[in-house]
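Peer 1: need a structure here:
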Amino acid sequence: MSGVMQGFGVIGAIVLVGYVLGRTEVLGDNARDVLAKLSFYVGTPALLMQMLSESDVSVLFSTPLLVTALSTFAAAGLFVLIGLWRSWNVRRTTIGALCSSYVNAGNLGIPIAVYVLGDASLVAPVMLFQLLVMTPIGLTVIDATQDGARGSALGRVLAPFRNPIVICSLIGVGLSVSGTRIPQPVAEPLTLLGHLSVPTVLLAFGISLCGSTLPAGGAERWPVLVSVGLKSFAHPVMAYSIGAGLFGMSGASLFAAVVISALPAAQNLFVYASRYNVGVRLARESILLSTILSVPVLFTVTALLG
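Peer 2: This next block holds a predicted model:
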């Protein structure tokens, strides 16, 4: 289980640095927003363009990914149904649905895939699915339901395609499908900019913890608890049920599907929430609590299926 501990250690160290920066205020009052915008507009688009351009998008058509997709939509759908029942705001419900289903396949999923599953490529299809399907759907809903949104219905539908993350993801997929390689003079600065993505997200997340109340307290208590419960417990259970019951999976393939679904909510969801100024506390606390709970959950999954 060294992969689990290594992944959490890396994340925790950078978040701690962000927390110290926030406590000392050496970066000023707007540090969190600046770092979040830097990741949203520069680091993450550059990272996604390069990563997707070098990926094999054919991996999207496989049984293990179908299990992941179905369990992801099931977890997100349950949160949406609860949100409708409780009359929660549509945009906040969208953030909560993403936190209930969108796993940290990058900076945590990769080391866990290497050290626990023995193959880093197992998380690649999940990352592609989340970037090409879940992110556009979530951002489209947030953009289309934004307060004060103007213009025609077509303009509101097309609004997400002015989003740098969506644009660069589509460019990356286009390059991959066409077999076009990014020229070296462009690839090198793109790589450097892409390296900004993960650390800026984690630093902004650490800064946001300064002065915050205890997780799952106050007005956001129930949305947070619902999203954490779905992400930490329901999502891996549904992945197991769909994989074993519907597709007859077993052994290593089923183990991998459940481990990946048991990963906590991804930190980039906090960037999306901060960028649109909706569900920021919901995203922050869901990520924090699901990350803490994922440690015993991953150990349990490994003990039962590994």
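Peer 1: pull the distance from the lengthiest helix in the chain to the chain's centre.
Peer 2: Taking DSSP state H as the criterion, the chain has its longest helix at helix 280-305. Chain-centre distance of helix 280-305: 13 Å, with Cα atoms, centre = their mean, to the nearest Å.
Peer 1: that one: which residues count as buried?
Peer 2: 280-291, 293-294, 297-298, 301-302, 305 (16 or more other Cβ atoms under 10 Å). (Each C-beta comes from the backbone N, C-alpha and C, glycine too.)
Peer 1: for that helix, packing partners?
Peer 2: Of the remaining helices and strands, those touching helix 280-305 by 3 or more Cβ pairs under 8 Å, 6 or more residues apart in numbering; DSSP states H and E are helix 2-24, helix 90-99, helix 197-208, helix 221-229, helix 235-240, helix 251-261, helix 268-276.
Peer 1: find the nearest non-adjacent residue to the residue nearest to the spatial centre of the chain, please.
Peer 2: Per Cα atoms, centre = their mean, the C-alpha nearest to the average position across the chain is that of residue 266, at 3.2 Å. Once flanking residues are discounted, residue 266 sits nearest to residue 104: 4.3 Å by Cβ to Cβ, 6 or more residues apart in numbering.
Peer 1: now for the one you found, how many residues are close by?
Peer 2: 25 (other Cβ atoms under 10 Å).
Peer 1: which residues touch it?
Peer 2: 263-267, 291 (Cβ atoms under 8 Å, 6 or more residues apart in numbering).
Peer 1: can you pull out the low-pLDDT segments for the stretch 101-250 of the chain?
Peer 2: For the stretch 101-250 of the chain, the stretches flagged by pLDDT under 70 are 106-107, 110-111, 114-115, 118-121, 147-162, 211-219.
Peer 1: if you set the cut-off to 80 instead, what comes out?
Peer 2: Low-confidence regions of the stretch 101-250 of the chain, defined by pLDDT under 80, span residues 106-125, 127-128, 131-132, 144-163, 165-166, 169, 198, 201, 205, 208-220.
Peer 1: where do the strands sit along it?
Peer 2: Here the stretch 101-250 of the chain has no strands by DSSP state E, counting those that start in this stretch.
Peer 1: just the helices from it, written as ranges.
Peer 2: Taking DSSP state H, counting those that start in this stretch as the test, the helices found in the stretch 101-250 of the chain are 109-112, 124-129, 135-144, 153-158, 164-178, 184-194, 197-208, 221-229, 235-240.
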